[in-house]
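Participant: Pasting the sequence and the predicted coordinates here, then a few questions.
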Amino acid sequence: MSTSKYTTVSIPRSLYNRIKRLVEETGFKSVSDYVTYVLREVVAMHEAEKYEEPFSEQDLEEIKKRLKALGYI
Amino acid sequence: MVSKPHGGRLIYRVVSDNRRENILSSMEEYPWVKVGVREAYDAENIGFGVYSPLDGFMVSDDLDHVLSDMRLSNDIPWTIPIVVSLDGRDLSFGVGDEVLLIYGETPVAVMQVEDIYKYDKDYYAERVFGTRDLAHPGVYNVYREMGDLLVGGRIELVNPAPNPYEKYYLRPIETRVLFRERGWKTVVGFQTRNAPHMGHEYVQKTALSFVDGIFINPVIGRKKKGDFRDEVILKAYTELVRHYYPRDSAVLSIVRYEMRYAGPREAIHHAIMRKNFGCTHFIVGRDHAGVGNFYGPYDAQEIFKEFPDLGITPIFFREFFYCRRCGGIVHEKICPHDEGDRVRFSGTYVRNAIRNREAIPPYIIRPEVARVLLSEPEPFV
């Protein structure tokens, strides 16, 4: 397996050219930088959708008891 | 719904009561590493999920990525190394062993050793702090206090270091329940290591105008000489919140953490910690987590542009000041007057006034807060 920190993915050349034109007017250094930025944003959004709170009903009651004792609720 | 934990899962790594009993009754059978208060607090923050998704101290692969890319090896944003160092002499354990991390006499955590490795201190200092100048306290720590080897691996919290402020201490799982109970869907986090002046209050209240609640989260831990002592900061904030905040809009709770003074990188780290507490927004002011003149005044705001996937929204503020002609606390975007009309909130001025037991104008510090600060015989570290 390669140990390089980077790998290659394919995108349509027309999209590549479109991003290349866009990138020239922004602070991004390259098409790869731009694509990485956008993908991270999208991936994080999808990952966030899967989350469930980590407490059970029993945990919840115990936590509420402590919060009440400390005067927070 | 408040913010999702960083990396998607709230970490909780605390030993069961049975396992704690077993560990404590057979402590002499474990190899151990003496750690300082920084690592003790880091262990606690890992155990309770403040550092989610970290479930242990960093192995070399994660440290390499953090130093070079400001991300963990799984691409999740992370900017500050969380490491345990050793001096390498009399190394009595190896990869695969379980070791106890001992702070003072307290076994704070048990680590499953996954990696023992060397690191380049010059590279570490340059990448994290942007300098190798020993006048920087974080750099000083790297060269003068950290050993030459690092040990990494998953941990389980055994006993947190003693906490004199337990009643002010909420774990992320507790703040998440608290925010839910209060019906807050948007929460702004405020990091502080200072007693509050009016500039802080206006920053907080301006942010609060746009969200459901504010989480005021002072850092408790070793500080620089001349900083306010922890108990003074807490007393001052307690008074401020009691007298000047709607009861259902603010939560005051501490985080136990040792400042690195890493400026921009540390601002990201502070935001990640507050995200794990459930905050959806985070206040970043002027020279956030900076020290001396090592960073530009707004570097800590600029760095957020590099993290589209941080999962917490930064709220940036310029400097607030008192304007005599406006007759109130304002900032440069809303005040047309000259510098001669403006009174800046200077920490040095406040500290000197308190040292000399001088009265502080109410447009600088609330009278109730000033009373706390002036009544303390030793307010500073």
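Facilitator: It's in. Keep in mind it's a predicted model, so treat the numbers as computed, not measured.
Participant: for chain A, which helix is longest?
Facilitator: If you go by DSSP state H, chain A has its longest helix at helix A:31-48.
Participant: elements contacting that one?
Facilitator: When contacts are defined as 3 or more Cβ pairs under 8 Å, 6 or more residues apart in numbering or on different chains; DSSP states H and E, helix A:31-48 packs onto helix A:13-23. For the C-beta atoms, the positions are set from N, CA and C on the backbone; glycine is no exception.
Participant: now check the helix it packs on, is it near chain B?
Facilitator: No. Shown here: helix A:13-23 not in contact with chain B (Cβ under 8 Å from any Cβ of the partner chain), separated by at least 15.0 Å.
Participant: Any buried residues in that helix, and which?
Facilitator: Neighbour counts using 16 or more other Cβ atoms under 10 Å in any protein chain shown place A:I19, A:V23 of helix A:13-23 among the buried residues.
Participant: Check what contacts that helix and list those residues.
Facilitator: A:S30, A:V31, A:D33, A:Y34, A:V35 (Cβ atoms under 8 Å, 6 or more residues apart in numbering or on different chains).
Participant: Are any of those residues buried, and if so which?
Facilitator: Here, 16+ other Cβ under 10 Å leaves A:V31, A:Y34, A:V35 buried among the contacts of helix A:13-23.
Participant: okay, the first one: pLDDT?
Facilitator: Just to be clear, that refers to A:V31. In this model, A:V31 is scored at 95, pLDDT.
Participant: Same check on the last one?
Facilitator: What the model reports as pLDDT for A:V35 is 96.
Participant: That one and A:T8 touch, don't they?
Facilitator: No. Using Cβ atoms under 8 Å, A:V35 is not in contact with A:T8, being 11.3 Å away.
Participant: For chain A, see how far away B:V211 is.
Facilitator: Using Cβ to the nearest Cβ, to the nearest Å, B:V211 is found at 18 Å from chain A.
Participant: And the contacts of the longest helix of chain A?
Facilitator: Contacts for helix A:31-48 (Cβ under 8 Å, 6+ apart): A:11, A:16, A:19-20, A:22-23, A:26, A:28, B:4, B:8, B:75, B:308-311.
Participant: Show me the residue sitting in the middle of chain A in space.
Facilitator: With distances taken as Cα atoms, centre = their mean, chain A has A:A44 as the residue nearest its mean C-alpha position (2.0 Å).
Participant: Tell me how far that residue lies from B:V187.
Facilitator: 19 Å (Cβ to Cβ, to the nearest Å).
Participant: can you check B:L91 too?
Facilitator: B:L91 is 45 Å from B:V187, by Cβ to Cβ.
Participant: Equivalent analysis for B:I354, please.
Facilitator: Going from B:I354 to B:V187 by Cβ to Cβ gives 32 Å.
Participant: The two: who's more crowded?
Facilitator: B:V187 (27 against 20; other Cβ atoms under 10 Å in any protein chain shown).
Participant: what sits against that one?
Facilitator: B:V2, B:S3, B:F179, B:V211, B:D212, B:G213, B:I214, B:F215, B:G278, B:C279, B:T280, B:H281.
Participant: and what of B:Y244?
Facilitator: Contacts of B:Y244 (Cβ under 8 Å, 6+ apart): B:E201, B:R366.
Participant: go with 10 Å
Facilitator: Residues in contact with B:Y244 (Cβ atoms under 10 Å, 6 or more residues apart in numbering or on different chains) are B:P196, B:E201, B:Q204, B:K205, B:A250, B:R366, B:E368, B:V369.
Participant: Quick check: pLDDT value at B:V372.
Facilitator: pLDDT for B:V372: 94.
Participant: Figure out the helix or strand that it lives in.
Facilitator: For B:V372, the host element (DSSP states H and E) is helix B:367-375.
Participant: Is B:L178 in contact with B:G213, as I believe?
Facilitator: Yes. Shown here, B:L178 and B:G213 form a contact pair, counting by Cβ atoms under 10 Å, at 9.3 Å.
Participant: These two: which is more packed in?
Facilitator: Taking neighbours as other Cβ under 10 Å, B:L178 and B:G213 compare with B:L178 leading, 26 against 23.
Participant: I'd guess that one is in a strand, am I close?
Facilitator: No. Under DSSP: H, G, I helix; E, B strand; the rest coil, B:L178 falls outside any strand and is assigned helix.
Participant: Now for A:S56, how many residues are close by?
Facilitator: The tally of other residues near A:S56 (other Cβ under 10 Å) stands at 9.
Participant: where does B:E181 land on pLDDT?
Facilitator: Per the predicted model, pLDDT is 94 at B:E181.
Participant: for chain B, what spans make up the helices?
Facilitator: Under the criterion DSSP H, helices of chain B are mapped to B:17-25, B:37-47, B:60-69, B:121-129, B:137-140, B:172-181, B:198-208, B:230-244, B:263-277, B:299-302, B:347-355, B:367-375.
Participant: Return the helix or strand in chain B with minimum mean pLDDT.
Facilitator: helix B:347-355 (a mean of 87; mean pLDDT, DSSP states H and E).
Participant: Next, the contact list for the residue lying farthest from the centre of chain B, please.
Facilitator: Distance from the C-alpha centroid of chain B, by Cα atoms, centre = their mean, peaks at B:R325 (36.8 Å). By Cβ under 10 Å, 6+ apart, the contact list for B:R325 reads B:C335, B:P336, B:H337, B:D338, B:G340, B:D341, B:R342.
Participant: switch the cut-off to 7 Å
Facilitator: B:H337, B:D341 (Cβ atoms under 7 Å, 6 or more residues apart in numbering or on different chains).
Participant: Can you give me the neighbour number for residue 28?
Facilitator: By default, I'm working from chain A. 17.
Participant: Please refer instead to chain B.
Facilitator: By other Cβ under 10 Å, the residues close to B:E28 number 6.
Participant: so what's it up against?
Facilitator: Per Cβ under 7 Å, 6+ apart, neighbours of B:E28: none.
Participant: looking at the helices of chain B, which is closest to B:M111?
Facilitator: Among those, the nearest to B:M111 by Cβ to Cβ is helix B:37-47 (8.6 Å).
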